[in-house]
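1. Fold the following for me, if possible:
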Amino acid sequence: MKSDVIDKTPLELNADGTEKKSKTVFMLPVLIFAGLSIAFAIGLTLNPKEIPSVLIGKEAPQFDLSPVQGREMGLKMTDLMGQISLVNVFASWCTECKYEHPFLMELSQKKILPIFGLNYKDQPNDAQDWLDNLGDPYTRTGADLNGRVAIDWGVYGVPETFLVGPDGRIIHKHIGGLNWEKFNQEILPLITDLQGNSAE
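-> I've put the predicted structure just below:
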């Protein structure tokens, strides 16, 4: 024989005899809104240019890209091996890339280390015109037409620059445009350390 369970908890009633609603029911939307507001406020205090990369200390993802239109040499993972290098992600449609470009030209002329270009989601003619007109600081440049390689590298936007060690491991990631001040503060000390370690 089936027995019914009867809830014997007394009901709280209003003056008109209707059941009182729990205060929790009314407080729930307020608590949810407060939680979202706090999370949003914390998010606003974070610097998007300080997003850590999960690839730091790991070998760079394997890739093999055809050259940018008008260039003879593409870019693949094996090109990075055996030397300290920079991989610069750029695009002709990127405003900040245009401000960064003169620095890259100066850096390439100083021959501190090779700079490899990863051209992100660009039209072939636009990429070629960019390098022809502004100068080509890159030892090799790969055309990442669909952005697949950039995604594998964890790129959030352009420009971004990676310092890669002789063993193909990513040492540092810089988000945004580089200049001499940022290069000397962030990247040059790491290059010096890598050179010192390789000399031992």
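
2. Tell me where this structure has helices.
-> 23-45, 95-110, 124-134, 148-152, 180-182, 188-199 (DSSP state H).

3. ok, of those helices, where does mean pLDDT dip lowest?
-> Across the helices of the chain, helix 23-45 has the smallest mean pLDDT, namely a mean of 50.

4. got the phi/psi numbers for the nearest residue to I191 once chain neighbours are set aside?
-> Excluding the flanking residues, the one nearest I191 by C-beta to C-beta, 6 or more residues apart in numbering is I84, at 5.8 Å. Using the backbone N, CA and C atoms, a C-beta is placed for each residue, glycine as well. Per-residue torsions, I84: phi -80, psi 130 (degrees, to the nearest 10).

5. Show me what I115 is bridged to.
-> Here I115 sits in beta bridges with L86, as judged by DSSP bridges.

6. So it versus T139, what's the distance?
-> 6 Å (C-beta to C-beta, to the nearest Å).

7. list residues touching both of the two?
-> S85 (C-beta atoms under 8 Å, 6 or more residues apart in numbering).

8. For these two, indicate the residue with more neighbours.
-> I115 (20 against 17; other C-beta atoms under 10 Å).

9. burial measure for S85, as a count.
-> Neighbour tally, S85, other C-beta under 10 Å: 22.

10. Settle this for me: it is touching L118, isn't it.
-> No - between S85 and L118 there is no contact under C-beta atoms under 8 Å: 11.8 Å.

11. So Q69 sits against P124, correct?
-> Yes - counting by C-beta under 8 Å, P124 is a contact partner of Q69 at 3.9 Å.

12. higher neighbour count, those two?
-> Counted by other C-beta under 10 Å, Q69 and P124 do not tie: Q69 has more neighbours, with 17 against 14.

13. Quick check: pLDDT value at the more buried one.
-> On the pLDDT scale, Q69 gets 97.

14. G17 now?
-> Reported pLDDT for G17: 59.

15. Distance check, E181 against L188.
-> Distance from E181 to L188, by C-beta to C-beta: 11 Å.

16. repeat for V158
-> Remark: distance between V158 and L188 (C-beta to C-beta) = 22 Å.

17. higher neighbour count, those two?
-> Here V158 and L188 are compared on neighbour count by other C-beta under 10 Å; more neighbours surround V158, at 25 against 15.

18. Pretty sure Y120 sits against A91.
-> Yes - between Y120 and A91 a contact is recorded at 4.8 Å, counting by C-beta under 8 Å.
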